[in-house]
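Participant: From the sequence below, what's the structure:
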Amino acid sequence: FHLYLGDGAVDGSVGELGAEKIRGIPKSIVSAMQSGLRKRGVDLMSHMSGITSMAHTDADIDETLGAFEDTVQEMIADGHIGGR
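Facilitator: Residues are numbered from 1 along each chain as shown. Below you'll find the predicted structure:
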């Protein structure tokens, strides 16, 4: 999967955005996402992409989703991204 946090994302889709724009997330946002997730036990393994596998249990996925939710809320509170 790939995360995109930026202008142009509509209803969960990146729509007509090109690859350059999708990969062009500001470094400050990437850093905030990566550090927020790492302190919650999640490592994306690359820029803003990650993987899941058959080895991940439902509990693993739920824990990871919770880490994402907490990290996004922290990023909003810290002003890295805007909330809705």
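
Participant: name the helices or strands packed onto the lengthiest helix in the chain?
Facilitator: The helix that spans the most residues within the chain, counting by DSSP state H, is helix 58-77. On a contact count with 3 or more C-beta pairs under 8 Å, 6 or more residues apart in numbering; DSSP states H and E, helix 58-77 meets helix 27-38. Any C-beta I mention is one placed from the backbone N, CA and C, and that applies to glycine too.

Participant: Just the CA trace of the helix it packs on, in CSV.
Facilitator: Extracted in CSV, the C-alpha atoms of helix 27-38 (Å, rounded to 0.1, in the frame of the first residue of the first chain):
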residue,chain,number,x,y,z
LYS,A,27,9.7,15.6,3.8
SER,A,28,8.4,17.1,7.1
ILE,A,29,5.1,15.2,6.6
VAL,A,30,6.9,11.9,5.7
SER,A,31,9.2,12.3,8.8
ALA,A,32,6.2,13.0,11.1
MET,A,33,4.3,10.0,9.8
GLN,A,34,7.3,7.7,10.0
SER,A,35,8.4,8.8,13.5
GLY,A,36,4.8,8.7,14.8
LEU,A,37,4.3,5.2,13.6
ARG,A,38,7.7,3.9,14.8
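
Participant: And that helix, how far out from the chain middle?
Facilitator: Helix 27-38 has its C-alpha centroid displaced from the chain centroid by 8 Å (C-alpha atoms, centre = their mean, to the nearest Å).

Participant: tell me the angle it makes with helix 58-77.
Facilitator: 140 degrees (axes from the mean of the first three to the mean of the last three C-alpha atoms, to 10 degrees).

Participant: Extract the residue ranges of this structure that are flagged as low pLDDT.
Facilitator: Applying pLDDT under 70 to the chain flags residues 8-15, 83-84.
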